[in-house]
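**Q** Let me see the structure of the following:
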Amino acid sequence: MGNNDATVTALQSTNNLTYNNKWGEHSLTATGVWEVTSNEVRRMGMTGTGIIHEQVGYWNVADATSKTPTNGYSKWTMLSGVARVMYNYAERYMLTGTLRADGSSRFTNKKWGYFPAAAFAWKINNEPFLKDVKWLDELKLRLGWGKTGQQNGIDDFYYSTLYRVSNGYAQYPFGDKYYQTLRPTASNPDLTWEKTTTYNAGLDFTALNGRFGVNVDGYYRKTTDLLATVSIAGGTNFGDNLLKNIGAVENYGVELAFNVDRKSVV
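**A** Numbering: from 1, shown residues only. A predicted model of the protein is given here:
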């Protein structure tokens, strides 16, 4: 048996700066965002003989034959900056450009990831040559491209070897007493962001005051630097498996959706 207490401190600071302007049929919105996120966990507790709880962090260990104090510490911090510009001309042509930069404490040698994106929309139904087409509600073409990153599933200190309390089957006998041992963990300082690049195109069509609608979307997506746990040669690290950036995956598809307002038709 045992009891464990945890103190969690979560901090977040977000700062926004926005600029808006409109002249004639042109409008422009520029936004800048700076964000800091931090999550800290401190664990303190006692475990009984042979019952050891593995937790992420650094450890202090005493005699495991009775009660064992176990202190765990974990901290993760991320800095993010985003710049976005949106341009609109006459509610017909809309262009958006975004650049995001993220730096995570879970990485050490390749800490920062840069993720740009761009999107274009053409509201064809607002063109002068369609202004007299009363039955057409919306006809819009959409094009997009963007890159995103993810770091889920990585321990906070995976870039460095830690020493964790071993389980009850790894005690070391000394005289008539058994002492808990420490076990080094596998580490990888070369981890970086898993990155996904997506291309997409779509067409939206609505007619007869919303009675009929059609949406067509096509996309192509490629993920590189996949985060995956793989087997490694014995003696090359502290463990038989290691989390690495390895391989790539591609997928693509087309989505088609119809919408019919039956009440309006009846």
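**Q** what pairs with the host helix or strand of residue 118, and is each one parallel or antiparallel?
**A** Applying DSSP states H and E as the criterion places residue 118 in strand 112-123. According to DSSP bridges, strand 112-123 forms sheet pairs with strand 93-104 (antiparallel), strand 136-150 (antiparallel).
**Q** and residue 180, how many residues sit next to it?
**A** Counted with other C-beta atoms under 10 Å, residues neighbouring residue 180 total 24. C-beta: built from backbone N, CA, C; applies to glycine.
**Q** any low-confidence regions in the stretch 151-266 of the chain?
**A** 168, 262-266 (pLDDT under 70).
**Q** Tell me where it has strands.
**A** 163-165, 172-174, 177-179, 182-184, 194-207, 212-224, 227-231, 241-245, 248-260 (DSSP state E, counting those that start in this stretch).
**Q** tell me the angle of the last one relative to strand 194-207?
**A** Counting by axes from the mean of the first three to the mean of the last three C-alpha atoms, to 10 degrees, strand 248-260 points 20 degrees away from the direction of strand 194-207.
**Q** Just the buried residues of the strand holding residue 118, please?
**A** For strand 112-123, the neighbour count (16 or more other C-beta atoms under 10 Å) marks 113, 115, 117, 119-123 as buried.
**Q** Name the nearest residue to the most centrally placed residue in the chain, ignoring sequence neighbours.
**A** A centroid search over the chain (C-alpha atoms, centre = their mean) returns residue 150, at 3.6 Å, as the residue closest to the centre. Once flanking residues are discounted, residue 150 sits nearest to residue 194: 5.1 Å by C-beta to C-beta, 6 or more residues apart in numbering.
**Q** Share the number of residues neighbouring that neighbour, please.
**A** 20.
**Q** which residues touch it?
**A** Residues near residue 194 by C-beta atoms under 8 Å, 6 or more residues apart in numbering: 149-151, 223-227, 245.
**Q** Residue 163 reaches residue 183, doesn't it?
**A** Yes - between residue 163 and residue 183 there is a contact under C-beta atoms under 8 Å: 6.8 Å.
**Q** Surely residue 186 and residue 239 touch.
**A** Yes - between residue 186 and residue 239 there is a contact under C-beta under 8 Å: 3.5 Å.
**Q** from the chain's centre, how far out does the strand holding residue 118 sit?
**A** 17 Å (C-alpha atoms, centre = their mean, to the nearest Å).
**Q** Adjust the sequence numbering to begin at 35 for everything that follows.
**A** Let's use 35 as the start, then, which means that last one is strand 146-157.
**Q** pLDDT score for residue 66?
**A** pLDDT, residue 66: 97.
**Q** Could you measure from it over to residue 149?
**A** 16 Å (C-beta to C-beta, to the nearest Å).
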